[in-house]
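Novice: What follows is a predicted protein model with its sequence.
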Amino acid sequence: MAPVYAALRAKTTKEDKDFRDKNGKPELQKALTEINNVNLNKAKNIIIFIGDGMSIPTLTAARIYTAQYEAKQRNGDSVSGEESLLSFEEFPNSALIKTDSTDHQTTDSSSTANAIFTGVKTNWGTVGYDNSIRTNSNKPQPNARKVKSILNWAQEANKHTGFVTTARVSHATPSALYAH
């Protein structure tokens, strides 16, 4: 075993039943308490943060990398990092969403974003329509049904809207907010 990995392994806590009872029960109790203290007021602002392509393994790798980097910066120590949290994981409310398109099990960004922003699943490679749209068709589709996004709903309620993206605005994920 390489020295770096041996050092990490030596510092890793044994995650047995006692570890889970000590560390897991308080976290579970906190979550249950928060469920019972739900804020029923209307939201003043809504931010939808989409880390396009941020799978569970990617988040785990980011946690490990960040914790190890920060530990080295502080005191040269090595830590496993899996127990750390990324900044957005400490938000009071968050969700994990599993999306798929109506015609593919493994989908693309466009139909995934369509499902997130409109609440309606669609076909692979499509935004702004429900699954009545036919992809790869050069024929007119007068019966294809447009769907409105959360951006449309907010504007209809006279709310200010906008979006920020690190991709181009015509990329599949942001385009699902406004494109048909």
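Specialist: Arrived safely, thanks for sending.
Novice: who's in contact with stretch 85-93?
Specialist: With contact meaning CB atoms under 8 Å, 6 or more residues apart in numbering, stretch 85-93 is reached by 34, 49, 59, 62, 63, 66, 94. C-beta coordinates here come from the backbone N, C-alpha and C atoms, glycine included.
Novice: Where does pLDDT dip in the chain?
Specialist: 1-17, 19-20, 73-74, 76-79 (pLDDT under 70).
Novice: all helices for it, in order.
Specialist: Along the chain, the segments classed as helices by DSSP state H run 3-11, 17-36, 56-75, 109-118, 150-156, 172-175.
Novice: before we move on, back to that, just the buried ones out of the contacts of stretch 85-93, please.
Specialist: The neighbour count (16 or more other CB atoms under 10 Å) marks 59, 62, 63 as buried among these.
Novice: ok, back up a step: want to try a markdown table for the helices of the chain, with distance to residue 124 as columns?
Specialist: Listed next are the helices of the chain as a markdown table, based on distance: least, CB to CB, whole Å:
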| stretch | distance to residue 124 |
| --- | --- |
| helix 3-11 | 41 |
| helix 17-36 | 35 |
| helix 56-75 | 22 |
| helix 109-118 | 5 |
| helix 150-156 | 22 |
| helix 172-175 | 11 |
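Novice: Which stretch among these is buried most, on average?
Specialist: helix 109-118 (a mean of 24; mean count of other CB atoms under 10 Å).
Novice: so what does it touch, helix or strand wise?
Specialist: Packing partners of helix 109-118 (3 or more CB pairs under 8 Å, 6 or more residues apart in numbering; DSSP states H and E): helix 150-156, helix 172-175.
Novice: Out of these, the one nearest residue 105 is which?
Specialist: Residue 105 lies closest to helix 172-175 among the helices and strands packed on helix 109-118, at 17.9 Å (CB to CB).
Novice: helices or strands next to the closest one in the packing?
Specialist: helix 109-118.
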